[in-house]
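J.: Structure for this input, please:
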Amino acid sequence: MGQHTIDINDTNFEASVINASQPVLVDFWAPWCGPCVAISPVLDSLAEEYKGKVTIAKMNVDENAHIPAQFGVRSIPFMALFKNGQMVDSIVGAVPKGKLVDMIKKVL
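T.: Numbers count the residues shown, from 1 in each chain. A predicted model of the protein is given here:
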């Protein structure tokens, strides 16, 4: 977990994401996933840049099976953007920072 991101799990997902007062970008990841590790600093930097506007959360798919299955996570890294309790966008893979910024800007 980065310095500015939050760690979420199956238990606190509803409180941290569904009931959040601001948009939440959830990174579904695993420690053995090279692209997941590679994009982690990008997500931490986005968390710092958008502090107070968007929450960047990370969910380890090895430790949490229920929520990733609920949202059809088949490949990681899988970033899902939630607003007002609904998943409004998603993207798969270690994409360039600009693609994530574009996704975030749609909900601000």
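J.: Okay, buried residues for the longest helix along the chain please.
T.: Ranked by number of residues, the top helix in the chain under DSSP state H is helix 34-49. Neighbour-count burial for helix 34-49, counted by 16 or more other CB atoms under 10 Å, picks out 36, 39-40, 42-47. In short, each C-beta sits where N, CA and C put it, glycine included.
J.: who's in contact with that helix?
T.: With contact meaning CB atoms under 8 Å, 6 or more residues apart in numbering, helix 34-49 is reached by 2-5, 25, 27, 29-31, 54-56, 58, 76-77, 79, 93-95, 97, 100-101, 104.
J.: buried subset of these?
T.: Buried subset of those (neighbour count, 16+ other CB under 10 Å): 2, 4-5, 25, 27, 29, 54-56, 58, 76-77, 79, 94-95, 100, 104.
J.: so who does the residue nearest in space to the middle of the chain touch?
T.: Nearest residue to the geometric centre of the chain (CA atoms, centre = their mean): V26, 1.7 Å. V26 makes contacts with 8, 17, 57-59, 79-82, as judged by CB under 8 Å, 6+ apart.
J.: Would you tell me which one of the residues you listed comes nearest to D89?
T.: L81 (4.4 Å; CB to CB).
J.: other SSEs contacting the helix or strand the closest one falls within?
T.: Assigned by DSSP states H and E, L81 belongs to strand 78-83. Judged by 3 or more CB pairs under 8 Å, 6 or more residues apart in numbering; DSSP states H and E, strand 78-83 is in contact with strand 24-29, strand 86-92, helix 97-105.
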